[in-house]
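J.: Predicted model and sequence below, questions to follow.
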Protein chains: 2
Amino acid sequence: MNTLEAIYTRRSIRKLSKETIAPKILNELLKAAMCAPSAHNEQPWQFVVIDDKALLAQIPHIHPHCPMATMVSLGVLVAGDLRLEKSHGFWVQGCAAATQNLLLAAHEKGLGAVWTGIFPRETIIRAFQKLLSLPKEVIPFSFVPMGQPLESPPFSNRFLEERIHFNRWNTPPSLNSHF
Amino acid sequence: MNTLEAIYTRRSIRKLSKETIAPKILNELLKAAMCAPSAHNEQPWQFVVIDDKALLAQIPHIHPHCPMATMVSLGVLVAGDLRLEKSHGFWVQGCAAATQNLLLAAHEKGLGAVWTGIFPRETIIRAFQKLLSLPKEVIPFSFVPMGQPLESPPFSNRFLEERIHFNRWNTPPSLNSHF
């Protein structure tokens, strides 16, 4: 798939099957996540692959927006490791870029996936830390359940010309020749 | 380019040419940015395309890590608009995913680009707000200078097996059969 096609057609998929994901594919997805840019190349991330059924079954109880965890055979927790920070306060952006790479790579591989946000919700952060025995410096950031897609959301045009400005705020698009 | 190839081969390009970027290409890149996921689909972003030479010349004076602004004919400021927030505190992640889409789309199109971080540095945020006459609720997040790449950084393997854990912290990779 062409990169732009993948970016344009990727959607959050919340109906997912329990088919397992081959280790080779999972490896490619995690490599994609680790290719994200980060401040001073600090690579502030850690990943916890969750495929234990008992753990997956716990997730809807600690994350109100994640009933999908029980539909799948596997999900990836993306976490920021504060011990890896070089540029204070930027780890969130690195973990977000890694999560986005993970989603795009899953879409390229024909998998469905959805970004469920954890950070900055303290209660959910603490619950995941406890569930997975994470060190206190490892901050759960997002959880991405993935599997074969069981839905195909319709195309949605998210291009909003009014969000684009030229050189200063609120230059009306009609007054410039860019588009 | 295949999506995984784009993700794996994208690098921060800091040596860039002044060739202009066609409006059609710019449009495709901004559409890619706007296809990023966001909390509750809030789409918290605004974009300021900067191609005014006098403005570009100011940027290295307000951003210590952005001498590239004077090398290029165009850069995109990604900003978060707090008035668009639906899920408090998540706008940073949406803007990061949008920035990553922008970088991948530029790479797909053969352009070089680099993510220079602004948020959460207050001084740089205020300086960009002043330079571009932004409303106080519009928070500069990242600035992405782009142009034809004048460098080709060597391949760098960023896959770190020790960052991958299975079901709990610090399961040694040798004790699982996933890889």
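T.: Perfect, thanks for sending it.

J.: rest of the way, CA atoms for contacts and neighbours
T.: Will do.

J.: Residue A:37 sits in which helix or strand?
T.: Remark: residue A:37 resides in no helix or strand, with elements defined by DSSP states H and E.

J.: What residues does it make contact with?
T.: A:43, A:94, A:97-98, B:11-12, B:115 (Cα atoms under 8 Å, 6 or more residues apart in numbering or on different chains).

J.: between those, which has the most around it?
T.: residue A:98 (29 neighbours; other Cα atoms under 10 Å in any protein chain shown).

J.: could you dump the top strand by length along chain A to CSV, C-alpha only?
T.: The longest strand of chain A (DSSP state E) is strand A:138-147. Only the C-alpha atoms of strand A:138-147 are listed here, as CSV (Å, rounded to 0.1, in the frame of the first residue of the first chain):
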residue,chain,number,x,y,z
VAL,A,138,7.3,3.6,33.2
ILE,A,139,4.1,5.5,32.3
PRO,A,140,1.4,3.7,30.4
PHE,A,141,0.6,5.9,27.4
SER,A,142,-1.7,4.1,25.0
PHE,A,143,-3.1,0.6,24.5
VAL,A,144,-3.7,-0.7,21.0
PRO,A,145,-5.9,-3.8,20.7
MET,A,146,-5.4,-5.4,17.2
GLY,A,147,-6.8,-8.2,15.2
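
J.: how deep is the nearest residue to residue A:136 once chain neighbours are set aside tucked in, by neighbour count?
T.: Leaving aside its sequence neighbours, residue A:136 sits nearest to residue A:129 (Cα to Cα, 6 or more residues apart in numbering or on different chains; 7.4 Å). Residue A:129 has 20 neighbours, counted by other Cα under 10 Å.

J.: give me every residue that touches residue A:129.
T.: A:135-136, A:138-140.

J.: Please apply the same query to residue A:4.
T.: By Cα under 8 Å, 6+ apart, the neighbours of residue A:4 are B:32, B:105, B:108.

J.: most neighbours, which of those residues?
T.: residue B:105 (30 neighbours).

J.: element containing that one?
T.: Using DSSP H and E, the element containing residue B:105 is helix B:91-108.

J.: what about the strands in chain A?
T.: Going by DSSP E, chain A shows strands at A:45-50, A:74-81, A:112-113, A:116-117, A:138-147, A:164-166.

J.: Need the pLDDT of the closest residue to residue A:164 other than its chain neighbours.
T.: Nearest residue to residue A:164, sequence neighbours excluded (Cα to Cα, 6+ apart): residue B:47, at 4.9 Å. For residue B:47, the pLDDT comes out at 98.

J.: Distance of residue B:47 relative to residue B:132?
T.: 11 Å (Cα to Cα, to the nearest Å).

J.: Then residue A:19?
T.: On the measure of Cα to Cα, residue A:19 and residue B:132 end up 50 Å apart.

J.: Those two: which is more packed in?
T.: More crowded of residue A:19 and residue B:132, by other Cα under 10 Å: residue B:132, with 18 against 13.

J.: does the more buried one really touch residue A:169, like I thought?
T.: Yes. Residue B:132 is within contact range of residue A:169, at 6.3 Å (criterion: Cα atoms under 8 Å).

J.: that older thread, of all the contacts of residue A:37, which comes closest to residue B:62?
T.: The closest of the contacts of residue A:37 to residue B:62 turns out to be residue B:115 (Cα to Cα; 15.7 Å).

J.: just checking, the closest one touches residue B:12?
T.: Yes. If you go by Cα under 8 Å, residue B:115 and residue B:12 touch, sitting 7.2 Å apart.

J.: which residues sit in contact with residue A:78?
T.: Taking Cα under 8 Å, 6+ apart as the test, what residue A:78 contacts is A:45-48, A:95, A:99, A:140-144.

J.: burial of residue A:23, as a residue count?
T.: Neighbours of residue A:23 using other Cα under 10 Å come to 12.

J.: and it, what pLDDT?
T.: Reported pLDDT for residue A:23: 96.

J.: That one and chain B, how far apart?
T.: With distances taken as Cα to the nearest Cα, to the nearest Å, residue A:23 is found 6 Å from chain B.

J.: now do residue A:81
T.: Following Cα to the nearest Cα, the distance that separates residue A:81 from chain B is 10 Å.

J.: what do you get for residue A:114?
T.: Distance, residue A:114 to chain B, using Cα to the nearest Cα: 9 Å.

J.: re the thing from before, possible to save the contacts of residue A:78 as JSON lines with neighbour count and distance to residue A:84?
T.: What follows is the contacts of residue A:78, written out as JSON lines (neighbours: other Cα atoms under 10 Å in any protein chain shown; distance: Cα to Cα, whole Å):
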{"residue": "A:45", "neighbour count": "29", "distance to residue A:84": "8"}
{"residue": "A:46", "neighbour count": "25", "distance to residue A:84": "10"}
{"residue": "A:47", "neighbour count": "26", "distance to residue A:84": "14"}
{"residue": "A:48", "neighbour count": "23", "distance to residue A:84": "16"}
{"residue": "A:95", "neighbour count": "30", "distance to residue A:84": "12"}
{"residue": "A:99", "neighbour count": "31", "distance to residue A:84": "17"}
{"residue": "A:140", "neighbour count": "31", "distance to residue A:84": "14"}
{"residue": "A:141", "neighbour count": "28", "distance to residue A:84": "15"}
{"residue": "A:142", "neighbour count": "23", "distance to residue A:84": "18"}
{"residue": "A:143", "neighbour count": "28", "distance to residue A:84": "20"}
{"residue": "A:144", "neighbour count": "23", "distance to residue A:84": "22"}
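
J.: Including pLDDT and distance to residue B:57, could the contacts of residue A:37 go into TSV?
T.: Shown next, in TSV, are these (pLDDT from 0 to 100; distance: Cα to Cα, whole Å):
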residue	pLDDT	distance to residue B:57
A:43	98	31
A:94	98	28
A:97	98	28
A:98	98	32
B:11	97	24
B:12	97	21
B:115	98	18
